[in-house]
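**Q** when you get a sec, could you give me coordinates for this:
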Amino acid sequence: IFELWEVIGIIWDEPKIYDKEDYSANAKNNISDLENIDSHNAAFSGFFSLLNKYIHKQHPGKVTNLFAYANWRKEVIESMASIEELDYFGCDGRPWPVDAGGQVEQSGKSLFGGTGKDYIDVARSYGKYGLLLIDNHNLPAVNNALMDKYLPEVMALEPEQLIYYYYPRNVDKPDKNMAIIAKHLKNFR
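**A** Residues are numbered from 1 along each chain as shown. The predicted model follows:
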């Protein structure tokens with residue numbers, strides 16, 4: 001990727017392997033305690049550490065990022081935050097509280113309720129920068145008002161990296177969606 005295109009980094013997007021057990025031959029040889037899910041999670045984080053080390057060695061200056069579901073349990077968040085040579089770490093979720101209504105992608109997948117701040121705090125405690133991804137895709141137009149109302153609070157969490165989808169999929173009124181994002185990004189930092 002880095003040899004073919006002028007990209008500044010890579011994003012590990014919601015790794016789905018956490019909290020799953022691996023009983024492959026390699027896992028049996030490398031995971032210290034196959035009966036402990038945290039050992040599996042540590043092995044998965046070790047894999048991403050190897051990838052990041054390789055990227056930084058072969059392509060100095062490239063940025064490594066990982067965002068995860070906002071509704072992961074604390075132990076998984078800590079495991080992901082421990083990934084070596086990861087520059088930015090955080091989560092994605094709707095930019096409004098779950099109890100505010102609106103369509104959410106998964107139960108509890110919101111940047112509110114302490115979640116976004118918790119991710120940023122954990123990232124920083126592991127020497128990484130905080131990252132938040134605003135889930136503004138798959139959004140009925142009726143939810144635009146919620147996004148408009150709560151985006152200032154998301155930005156007030158002060159992540160070092162704030163990501164959103166540019167003209168995302170499954171949006172009823174994409175121009176309105178982008179106008180709301182643009183309005184609030186003008187005031188970010």
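**Q** any idea which element the closest residue to residue 157 other than its chain neighbours lies in?
**A** Nearest residue to residue 157, sequence neighbours excluded (C-beta to C-beta, 6 or more residues apart in numbering): residue 116, at 5.0 Å. The way it works is simple: take the backbone N, C-alpha and C, and place the C-beta from them, glycine included. Following DSSP states H and E, the helix or strand that holds residue 116 is helix 115-125.
**Q** list the buried residues for that helix?
**A** Judged by neighbour count using 16 or more other C-beta atoms under 10 Å, the buried positions of helix 115-125 are 115-117, 119-120, 122-123.
**Q** confidence score at residue 98?
**A** pLDDT for residue 98: 87.
**Q** ok, it to residue 109 distance?
**A** Separation of residue 98 from residue 109 (C-beta to C-beta, to the nearest Å): 8 Å.
**Q** so what touches the lengthiest helix in the chain?
**A** In the chain, with assignment by DSSP state H, the single longest helix is helix 37-58. Contacts to helix 37-58, defined as C-beta atoms under 8 Å, 6 or more residues apart in numbering, come from residues 2, 10, 12, 15, 17-22, 27, 30-34, 62, 64, 66, 75-76, 79-80, 82-86.
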